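[1] Provided below are the primary sequence and the corresponding predicted coordinates.
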Amino acid sequence: MNHILLKRLWRGSLVLGGSILVCVACYFLLPVMYPFLIAWLIALLLNPIVDWMSESLRFPRWLSVTVSLLLFLLGMMTIAAAVITRIVKEIYTVSLTMDYTLNQWRDLFIRFFDSGEVQQLIHLISSIYKDNPNVQESINRNLADTAQTVTTTITNLITLFLDGIIRLLTSLPNVATIAIVVLLAAFFISKDWLRWRRMVLAWVQEPLRTPAGTIWHDLKGALFGYCRAQFLLISMTMVFVTIGLILLRVDYAITIGLLVGLVDLLPYLGVGAVMVPWMIYSFAIGNTSFGIGLAVLYAIVLVARQVMEPKVLASSLGLDPLIMLMATFAGLKLLGVLGLIAGPVAVVIIAALHRAGIFTDLRNYIMAGRH
């Protein structure tokens, strides 16, 4: 009995050690291998188009891959150019109206300080100054401290902004290098896709092909399902924002709605990157009703996305909405914003391993060993 238990503990330790080794390897290899992982994903997405060109148009595979990559690159550059053009146009428009905006702010401050309530407050403070010299000294000291704090904060913000610009400029060569590596790797992977497939099949032993095929099929379906879910969520954001801006009588509502939907792709920013500064700007220039309208629209979009995201992801990935909600929440708590993606991905991988019978095989191996 003790001999059987020791063997089970040994086999369980092997499984646990192997799992830890795989996790550690992924942790250290992903920062180095992620360009090739991105290239593989691009090749996987473009492979149906490449196969269609090779079979229907009789193109050589290298030409099909080249045309597909050029179309993909052209699409990405078109989207980036549209976004940058819109941003530059908005900045130019703001620069033209800057004098008018500053005059509005100046008039707003003048009206504020000329109001009766503020004048009474100033008179009261002046009386306190005259009657209480100690209070005057304390107030002066606090004002000096506040001014110093504000100055330090503004200096830190400017320094942070300039450091961000410097980091962005210095990272451009690295980003360009990574982009070139990704494109070249995607070309070679897609061009030799069939050869790589035969090589992988030759490496995988016959007993492992069925579970490996099941895992591959599930993960590929999950990848396309995730892309479909994100497309639906972004489309929902675009529709909500466009309708809201039309109701608020904003010029170029459709264009702005499309751009906000594209910004929603950014996991660290999202819709708030556009809506929040816009709201602050509206309140600052005294357009309170429009600012409230933007706040209501932002709240509707935010709530709708949070409610629909687990359900859409679950239906696209074939998982229970409650499980997806739990995975998303757990990922957010453990990994921050990155966990919003890592949580559902982990659930998809675990579900794929379960459907392939991997956990059952591991349990049988621990309990009874190899047969």
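    Alright, I've got the coordinates.

[2] And the helices in the protein?
    With helices called from DSSP state H, the chain shows them at 2-56, 61-96, 98-114, 116-131, 133-191, 193-203, 206-247, 253-263, 272-284, 288-317, 321-335, 339-355, 358-368.

[3] what's the angle from the last one to helix 206-247?
    The reference is to helix 358-368. 140 degrees (axes from the mean of the first three to the mean of the last three CA atoms, to 10 degrees).

[4] Please export the C-alpha coordinates of helix 358-368 as PDB.
    Output for helix 358-368, consisting of C-alpha atoms alone and laid out as PDB, is shown next (Å, rounded to 0.1, in the frame of the first residue of the first chain):
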ATOM      1  CA  ILE A 358      -5.700  15.800 -20.900                       C
ATOM      2  CA  PHE A 359      -6.700  16.100 -17.300                       C
ATOM      3  CA  THR A 360      -8.300  12.600 -17.400                       C
ATOM      4  CA  ASP A 361      -5.100  11.100 -18.900                       C
ATOM      5  CA  LEU A 362      -2.900  12.900 -16.200                       C
ATOM      6  CA  ARG A 363      -5.200  11.600 -13.400                       C
ATOM      7  CA  ASN A 364      -5.000   8.100 -14.800                       C
ATOM      8  CA  TYR A 365      -1.200   8.400 -15.100                       C
ATOM      9  CA  ILE A 366      -0.900   9.600 -11.500                       C
ATOM     10  CA  MET A 367      -3.200   6.900 -10.200                       C
ATOM     11  CA  ALA A 368      -2.100   3.900 -12.300                       C
END
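
[5] Just name whatever secondary elements it is in contact with.
    With contacts defined as 3 or more CB pairs under 8 Å, 6 or more residues apart in numbering; DSSP states H and E, the secondary structure elements packing on helix 358-368 are helix 2-56, helix 206-247. (Each C-beta comes from the backbone N, C-alpha and C, glycine too.)

[6] let's see it at 10 Å
    Helices and strands touching helix 358-368, as assessed by 3 or more CB pairs under 10 Å, 6 or more residues apart in numbering; DSSP states H and E, comprise helix 2-56, helix 206-247, helix 339-355.

[7] For those helices, please prepare JSON lines with the additional fields mean pLDDT and distance to Gly291.
    Listed next are these as JSON lines, based on pLDDT from 0 to 100; distance: least, CB to CB, whole Å:
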{"stretch": "helix 2-56", "mean pLDDT": "85", "distance to Gly291": "40"}
{"stretch": "helix 206-247", "mean pLDDT": "80", "distance to Gly291": "13"}
{"stretch": "helix 339-355", "mean pLDDT": "78", "distance to Gly291": "28"}
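
[8] quick one on the thing from earlier: the helices of the chain into TSV, with extra columns for mean neighbour count?
    As requested, the helices of the chain are arranged in TSV below (neighbours: other CB atoms under 10 Å):
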stretch	mean neighbour count
helix 2-56	13
helix 61-96	13
helix 98-114	11
helix 116-131	10
helix 133-191	12
helix 193-203	11
helix 206-247	16
helix 253-263	18
helix 272-284	16
helix 288-317	17
helix 321-335	16
helix 339-355	18
helix 358-368	14
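
[9] related to what we said a few turns ago, which among the helices and strands packed on helix 358-368 is found nearest to Leu74?
    Taking CB to CB as the measure, these were each checked against Leu74, and helix 2-56 came out nearest at 12.9 Å.

[10] for the closest one, packing partners?
    On a contact count with 3+ CB pairs under 10 Å, 6+ apart, helix 2-56 meets helix 61-96, helix 133-191, helix 193-203, helix 206-247, helix 358-368.

[11] Report the inter-axis angle for that helix versus helix 358-368.
    Using the same axes, to 10 degrees, one finds that helix 2-56 and helix 358-368 are set 150 degrees apart in direction.

[12] what about helix 2-56, distance to the chain center?
    For helix 2-56, the distance between its averaged C-alpha position and the chain's averaged C-alpha position is 23 Å (CA atoms, centre = their mean, to the nearest Å).

[13] One more: stretch 333-345?
    Distance of stretch 333-345 from the chain centroid (CA atoms, centre = their mean) equals 11 Å.

[14] quick one: terminal-to-terminal distance for it?
    End-to-end distance for stretch 333-345, by CA to CA, to the nearest Å: 15 Å.
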